[in-house]
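[1] one predicted model, sequence on top.
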Amino acid sequence: MNSPALDALLARIVESGLLEDPTTENGLVYGRASIDAAGTVVNVNVDPELEDDDEQSEEDDQEQLIAAVTRILSVGESTWRAVLDEVAAEIDDAVGDDEEPAIEQRDLRDDLEATSAVVFADAVLLAFIAPKRFPDSRILVQLNEDHEVDGVEVRDLDGTA
């Protein structure tokens, strides 16, 4: 059984039309949507962080989450490209000469494919795959409200770092 707050958020997301076939599970709202600047459809998980007790009203929380989902889905191409550039630069700097041979050498920016987004009121966690450069890994990227990169992590597909 969902909490009334989660049911209310689901109703708002259904009403907004932002996500395809939204549903709830484990305290999150799930659905699929297109990030046009990325040219792909991704899984979107909206995390209302219901365990956090703050003084904001439930309606304010819903507004912030709807706004955050809208922002990531409607991100501009130049902003999306800047995110990809920074992610590629951070990974290339971290990997350096220690990089294991990739299946195919290509610019990481061209290999990154967004697969999902976890949306919080003040941040977004994007998951990417890079099948040619990092075939056994996924790349997690945390963005702040302004879509600036706050962190990049490369994990094995089994979830280990």
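    Yep, that arrived. Numbers count the residues shown, from 1 in each chain.

[2] I'd guessed Asp107 sits against Val87; true?
    No - counting by Cβ atoms under 8 Å, Asp107 does not reach Val87; the two are 11.9 Å apart. Any C-beta I mention is one placed from the backbone N, CA and C, and that applies to glycine too.

[3] now do the buried residues in the longest strand seen in the chain.
    As assigned by DSSP state E, the longest strand anywhere in the chain is strand 134-144. Neighbour counts over strand 134-144 (16 or more other Cβ atoms under 10 Å) mark Phe134, Ser137, Arg138, Ile139, Leu140, Val141, Gln142, Leu143 as buried.

[4] measure Glu20 to Val42 for me?
    Per Cβ to Cβ, to the nearest Å, Glu20 is found 11 Å from Val42.

[5] shared neighbours, these two?
    By Cβ atoms under 8 Å, 6 or more residues apart in numbering, Glu20 and Val42 have these common neighbours: Arg32, Ala33.

[6] from Asp93, how far off is Thr24?
    On the measure of Cβ to Cβ, Thr24 and Asp93 end up 39 Å apart.

[7] quick one: which of these two has more around it?
    Between Thr24 and Asp93, Thr24 has the larger neighbour count (other Cβ atoms under 10 Å), namely 16 against 9.

[8] pull the contacting residues for that one.
    So Thr24 contacts Asn2, Leu6, Asp7, Leu10, Tyr30 (Cβ under 8 Å, 6+ apart).

[9] and the helix or strand hosting it, what's buried?
    Thr24 is part of strand 20-25 when elements are defined by DSSP states H and E. Neighbour counts over strand 20-25 (16+ other Cβ under 10 Å) mark Pro22, Thr24 as buried.
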